[in-house]
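A.B. asks: Quick one, what's the 3D model for this:
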Amino acid sequence: MKRLLFIVLIAMFITPAHAKDSCASVLCLAGMYQGAGKSSECNSPVSDYFSIRVFKKGKFKASRTASARLSYLNSCPSHSGWASKINSSFGYLYNG
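C.D. replies: Below you'll find the model as predicted:
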């Protein structure tokens, strides 16, 4: 048991943590919304947004996914109205 606990603790320190940053997602998705494409620095923030998917009984629910994604974007305090614009274009898509 002690050995398992030790392994878990070591794994926690070795495995890099990745926290979702809604403001980075807003910035990157706003560029995509305006037609600027996606730079390599935006891979993770854009993936964070599109990884939010809602399923019910195994079926993808586009409207619930869009609501969850909008909530995520709105968690950025400085989204300046971009959240609803971005979500109206990308919120209902399964993949980006």
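A.B. asks: When you work out contacts or count neighbours from here on, use the C-alpha atoms and nothing else.
C.D. replies: Will do.
A.B. asks: what's the pLDDT at Ala24?
C.D. replies: Note for Ala24: predicted pLDDT of 94.
A.B. asks: Over to the one 10 residues further on?
C.D. replies: In the predicted model, Gln34 carries a pLDDT score of 92.
A.B. asks: hey, where'd the helices end up in the chain?
C.D. replies: 2-14, 22-33, 43-50, 62-74, 82-90 (DSSP state H).
A.B. asks: neighbouring contacts of the shortest one?
C.D. replies: Residues outside helix 43-50 that contact it (Cα atoms under 8 Å, 6 or more residues apart in numbering) are 20-22, 24-25, 28-29, 69, 72, 94-96.
A.B. asks: what angle separates it from helix 62-74?
C.D. replies: Relative orientation of helix 43-50 and helix 62-74, computed by axes from the mean of the first three to the mean of the last three Cα atoms, to 10 degrees: 130 degrees.
A.B. asks: Pull out the buried positions in helix 43-50.
C.D. replies: For helix 43-50, a neighbour-count test (16 or more other Cα atoms under 10 Å) marks 44-46, 48-50 as buried.
A.B. asks: likewise stretch 86-96?
C.D. replies: For stretch 86-96, by 16+ other Cα under 10 Å, it's 86-87, 90-94.
A.B. asks: Check stretch 65-84 too.
C.D. replies: Those would be 65-70, 72-74, 76, 79, 82-84, for stretch 65-84 by 16+ other Cα under 10 Å.
A.B. asks: before we move on, the earlier item: can I get the buried residues of stretch 86-96 in a markdown table including pLDDT and distance to Phe55?
C.D. replies: Compiled in a markdown table, the buried residues of stretch 86-96 are given as follows (pLDDT from 0 to 100; distance: Cα to Cα, whole Å):
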| residue | pLDDT | distance to Phe55 |
| --- | --- | --- |
| Ile86 | 96 | 21 |
| Asn87 | 95 | 18 |
| Phe90 | 96 | 17 |
| Gly91 | 95 | 14 |
| Tyr92 | 96 | 13 |
| Leu93 | 95 | 13 |
| Tyr94 | 93 | 11 |
